[in-house]
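1. here is the input, now give the coordinates:
(one chain, ligands or ions: 2)
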Amino acid sequence: MMSKFEIPEGLKELLQGYTVEVLRRRPTNLAEFAVQHFTQVLESQRNEQAAESQTTGPAEEEEEEDAFETASNPSISDDDEDEEEERSIVKASADRCSRRVAVCAEAYNPDEDEDNDTEPQVVHPKTDEQRKRLQDACKDILIFKTLAKEQFSEVLDAMFEVLVKPEEHIIDQGDDGDNFYVIEKGVFDIYVQKDGANICVGKYNNKGSFGELALMYNTPRAATIVAKQDGALWALDRATFHRLIVKNNAKKRRMYEAFIECVPLLKSLELSERMKIVDVLGVRTFNDGERIITQGDKADCFFIVESGEVKIMIKSKKAGQLDGVEIEVARCSRGQYFGELALVTNKPRAASVYAVGDTKCLVIDIQAFERLLGPCMDIMKRNISQYKDQLMALFGDIE
Ligand code: 1OR
Ligand code: 1OR
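-> Ligands and ions are numbered 1, 2, ... in the order given. Okay, here's the model as predicted:
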């Protein structure tokens, strides 16, 4: 046995490995990165040297201290179509899930094959109250909308709570991507660098999600996200995002490629740009008569009809007040879009929209709309000028 002051065997290599990774990947949060790095080291040790009785002091200590637990989980793996057969679960105690404590057993290497079926499943235990809040925050998140039920449930299992303070930078433009974030509450400004200055290009107001791009495309963070007040986020680690969301995107692309090619509005985009729209869109279904958009509401998304039909209804105005009588002014069917007007003009919804028969729509959020549909803006603006003419003819009064 070594004396108290001897350097334990393997410590130097362990710390060197960590230092090299820090220099290589330049993480923003060293402690968080250490958790990720050493968890991965521990996992590989377990996999590769399971039979070996020799222990490496520091890694073993870390294991006990952090109470990580690895176990097989047959109940989750058996009916998942083309996914993993059996995985291990990395558990972390719920009370450690406060500020960006990611438990992530991935090989923290963006170049690695995403189809690696041995990726462990990350589970952050939650109280019933936490799970309820999480489910609420995630129910309208578009990139979760096309996940199968089991995959969605795995996503929820893996998410962990992150509390933030005013002026805290959740993401800095140019950094590597660690997590994807869903907003439970709080206002967050979006900054993008232009000519050396940080320009505020938008904000999230108590809903939505961000941080998907760097994880989907292995690119540096495309924007800086800053909390404007105390807020609560739910984070999904990069490895789980890859395993569930990025894999699902490959399916989504196959499913929607042909349809998206036929949407007249998107004709002017490159194929790769259209596929990026597919990556972030959500799918929503509506029953006959269901209201999709309410006139006067604040707008945060844009729709393309995939099947079925919608009718556009406008309430006439008397002395500036909506008088309650709705008039049908247009219909949209497969391949046509609606909900662009409020996003382009930055005004409330100009009309209400209802499903006619069962209807399925592709939905794109305002940030993706602004980011990806710029090249289609001329077509939309041309059509908007026609709305104005018609509105004038009908009511003789426009905003
Ligand atoms: P990310 O992983 O790149 C920053 O990290 C996140 O900010 C990004 O994923 C998006 O989720 C989010 N351009 C790029 N990213 C944006 C934008 C944006 N808005 C939000 N994010 N634009 C602003 C659109 C309102 C385009 C700016 C030119
Ligand atoms: P939005 O974001 O304002 C309602 O939400 C959507 O209805 C609107 O975007 C358009 O996409 C869609 N006038 C106003 N909105 C219309 C109209 C319209 N048609 C479709 N929308 N007019 C009909 C023109 C054929 C003018 C009405 C007199």
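2. going by C-alpha atoms from here, please, whenever you check contacts or count neighbours.
-> Noted.
3. in the stretch 201-350 of the chain, what spans have low per-residue confidence?
-> For the stretch 201-350 of the chain, applying pLDDT under 70 flags the ranges 317-323.
4. please list the residues of it that sit near ligand 2.
-> Selection of the stretch 201-350 of the chain residues close to ligand 2 by CA under 6 Å from any ligand atom yields Ile312, Val329, Ala330, Phe338, Gly339, Glu340, Leu341, Ala342, Leu343, Arg349, Ala350.
5. quick one: residues contacting Lys267.
-> By CA atoms under 8 Å, 6 or more residues apart in numbering, the contact list for Lys267 reads Glu261.
6. could you check how far it is from ligand 2?
-> Distance from Lys267 to ligand 2, counting by CA to the nearest ligand atom, to the nearest Å: 18 Å.
7. cool, Asn218 as well?
-> 33 Å.
8. phi, psi for that residue please.
-> Phi and psi for Asn218, reported as degrees, to the nearest 10, are phi 50, psi 50.
9. gap between it and ligand 1?
-> For Asn218, the distance to ligand 1 - CA to the nearest ligand atom - is 9 Å.
10. next: Leu343.
-> 10 Å.
11. the chain should start at 730 in everything you say after this.
-> Sure, I'll start counting at 730 from here, so that last one is Leu1072.
12. and for the strand or helix carrying that residue, what's in contact with it?
-> Taking DSSP states H and E as the criterion, the element that holds Leu1072 is helix 1070-1074. For helix 1070-1074, contacts defined as CA under 8 Å, 6+ apart pick out Lys1027, Ala1028, Asp1029, Cys1030, Phe1031, Lys1076, Pro1077, Arg1078, Ala1079, Ile1095, Ile1113.
13. next one, pLDDT for the residue lying closest to the fourth one once chain neighbours are set aside please.
-> Computed as CA to CA, 6 or more residues apart in numbering, the closest residue to Cys1030 that is not its neighbour in sequence is Asp1094, at 4.3 Å. Reported pLDDT at Asp1094 in the predicted model: 97.
14. hang on, Asp1094 packs against Phe1031?
-> Yes: Asp1094 lies in contact with Phe1031 (CA atoms under 8 Å); the separation is 6.3 Å.
15. on that earlier part again, any of the contacts of helix 1070-1074 buried? List them.
-> Ala1028, Asp1029, Cys1030, Phe1031, Pro1077, Arg1078, Ala1079, Ile1095, Ile1113 (16 or more other CA atoms under 10 Å).
16. the last one: which element?
-> Okay, so that is Ile1113. Here Ile1113 is assigned to helix 1106-1124, by DSSP H and E.
17. avg pLDDT for that helix?
-> Helix 1106-1124 comes out at a mean pLDDT of 87.
18. how far out from the middle of the chain is it?
-> Here helix 1106-1124 is found 33 Å from its chain centre; the criterion is CA atoms, centre = their mean, to the nearest Å.
19. could you do stretch 900-914 as well?
-> Offset of stretch 900-914 from its chain centre (CA atoms, centre = their mean): 9 Å.
20. which parts of it are buried?
-> 900-902, 904-914.
21. okay, now the unreliable bits of the stretch 730-879 of the chain?
-> Within the stretch 730-879 of the chain, the ranges that satisfy pLDDT under 70 run 730-733, 753-754, 776-847.
22. kindly recompute the last result at 80.
-> 730-735, 741-742, 749-758, 761-762, 765-766, 768-770, 772-848 (pLDDT under 80).
23. what residues does it put near ligand 1?
-> Residues of the stretch 730-879 of the chain lying near ligand 1 (CA under 6 Å from any ligand atom): none found.
24. could you tell me how far whatever residue of the stretch 730-879 of the chain ends up closest to ligand 1 is located from ligand 2?
-> Nearest residue of the stretch 730-879 of the chain to ligand 1: Ile872, at 11.2 Å (CA to the nearest ligand atom). Noted for Ile872: a distance of 21 Å to ligand 2, by CA to the nearest ligand atom.
25. and if you look at Phe762?
-> For Phe762 relative to ligand 2 (CA to the nearest ligand atom), the value is 42 Å.
26. list the contacts for the nearest residue to that residue once chain neighbours are set aside?
-> Spatially, and ignoring its direct neighbours in sequence, Phe762 is nearest to Pro756 (6.5 Å; CA to CA, 6+ apart). By CA under 8 Å, 6+ apart, the contact list for Pro756 reads Phe762, Asp904, Asp905.
27. which of the residues of the stretch 930-1079 of the chain next to ligand 2 are buried, as a ChimeraX select command?
-> To isolate the buried members of those in ChimeraX, using 16+ other CA under 10 Å:
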select :1041,1067,1068,1069,1070,1071,1072,1078,1079
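28. just send the residues of the stretch 930-1079 of the chain next to ligand 2 back as CSV, with distance to Glu986 too.
-> As requested, these are exported to CSV (distance: CA to CA, whole Å):
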residue, distance to Glu986
Ile1041, 27
Val1058, 31
Ala1059, 27
Phe1067, 20
Gly1068, 22
Glu1069, 22
Leu1070, 25
Ala1071, 27
Leu1072, 25
Arg1078, 29
Ala1079, 31
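29. from the residues of the stretch 930-1079 of the chain next to ligand 2, which is closest to Gln922?
-> Leu1072 (22.5 Å; CA to CA).
30. what's the distance between that closest one and Lys1089?
-> Taking CA to CA, to the nearest Å as the measure, Leu1072 falls 21 Å from Lys1089.
31. isn't Gly940 right up against Gly906?
-> Yes: Gly940 is within contact range of Gly906, at 7.4 Å (criterion: CA under 8 Å).
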